[in-house]
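In: Below is the structure, and that's it, no one-letter string:
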């Protein structure tokens, strides 16, 4: 049996055969995130120290979106760097025009180019402060909603430079369609459009390539703007090295494209208990990158969704009131030595809304000041 078969009983043997430079199986205590976080931080610190000063390092962490522990592990990695005094940026797999959508639809502010289409406001929100604040009160994640908002709240409260660098969406249709009028989407489509595919589909192979290409362009520009040589890129597992079962090739993956554009990459693959979440999804030509990276197994695999999630797979999720919050605070945070912060957003809803509106009004004013200068 191939060591890369996702249906294999274990990948411990695979790791010993050189699948990853750093490996840990956390199944003896899946709720203690410290050992996995220590491996990631240690590997990244060593790699950063060995690189030339002018080469940026991107840590790609490939999560499964509905596993709360995957998000809280990234929270702990970010918190560890922050506590050490290491300067870094955080990039999130969220649409670059999400802030404009939240401001327009959630707050009634005016930052739209037309019905359903929104400008990317990154230049008016240089540290991502408004994006994070708005996401805490306006965004309604389908998967692992408490963990996602808790991670965003950590980044917000600690003023971590953060960019939502995924491709712009056409919200007049749905979140699954790209905004083809966005300059980076348009440019990427010229490179990656395939005759037999609809490039505007965010999960087609060409759409995924456009998204990855745009994430890299925005991510590296963000690092340069902030004069930082370290960034953590959050993404789903299929973005990192490609996914052979879905036809996403390595050459168009985040790992390949970041390296092609001059960055060094540390790949961190968080395996999930689901057979489709194993290292078997990685294309042949992407395995060399993981051989220099980190493979983590055995982290708690409980999955959660928003109680309003209406997907066909709803029955396999835990969506009861308070279930995910209790899981995070009473299992993950307790077993991880209470090193992680929990931000009770529901209990402080009014304060978070007030802060978000304040930040977003500032962005709106900057947006209109520039737009008025450009208007004859």
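Out: Sure thing, it's come through. Computed from a predicted structure; not experimentally measured. Numbers count the residues shown, from 1 in each chain.

In: Can you list the buried residues in stretch 300-320?
Out: Neighbour-count burial for stretch 300-320 flags 300, 301, 302, 303, 304, 305, 306, 309, 317, 319 (criterion: 16 or more other C-beta atoms under 10 Å). Where you see a C-beta, it was placed from the backbone N, CA and C, and this is true even at glycine.

In: thought the first one was touching residue 30?
Out: Yes. Here residue 300 lies in contact with residue 30, judged by C-beta atoms under 8 Å, at a distance of 4.1 Å.

In: Overlap in contacts, these two.
Out: residue 69 (C-beta atoms under 8 Å, 6 or more residues apart in numbering).

In: Compute the number of surrounding residues for residue 259.
Out: 15 (other C-beta atoms under 10 Å).

In: Next: residue 289.
Out: Per other C-beta under 10 Å, the neighbour tally for residue 289 reads 23.

In: Over to the one 10 residues further on?
Out: Burial measure for residue 299: 27 neighbouring residues, criterion other C-beta under 10 Å.

In: Would you list the phi and psi of it?
Out: As for residue 299, its main-chain torsions (degrees, to the nearest 10) stand at phi -70, psi 150.

In: longest helix of the chain?
Out: If you go by DSSP state H, the chain has its longest helix at helix 349-374.

In: how far is it from where the chain is centred?
Out: In terms of C-alpha atoms, centre = their mean, to the nearest Å, the centre of helix 349-374 is set 24 Å apart from its chain centre.

In: Show me what that helix is packed against.
Out: With contacts taken as 3 or more C-beta pairs under 8 Å, 6 or more residues apart in numbering; DSSP states H and E, helix 349-374 sits against helix 107, helix 129-138.

In: Just put these in TSV and tack on mean pLDDT.
Out: Listed next are the helices and strands packed on helix 349-374 as TSV, based on pLDDT from 0 to 100:
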stretch	mean pLDDT
helix 107	95
helix 129-138	98
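
In: Deepest-packed of those helices, please.
Out: Of all these, helix 129-138 has the most neighbours on average by mean count of other C-beta atoms under 10 Å, namely a mean of 25.

In: tell me the angle of whatever helix or strand comes next after that helix relative to helix 129-138?
Out: Moving toward the C-terminus from helix 129-138, the next helix or strand (DSSP states H and E) is helix 145-157. With axes from the mean of the first three to the mean of the last three C-alpha atoms, to 10 degrees defining the directions, helix 145-157 sits at 150 degrees from helix 129-138.

In: pLDDT on helix 145-157, on average?
Out: Regarding helix 145-157, the rounded mean pLDDT is 98.

In: after it comes which helix or strand?
Out: Next along from helix 145-157, by DSSP H and E: strand 162-166.

In: any idea how far that next one is from the chain center?
Out: 8 Å.

In: Quick check: can you name the pairing partners of that strand and their directions?
Out: Each strand paired with strand 162-166, and its direction, by DSSP bridges: strand 89-95 (parallel).
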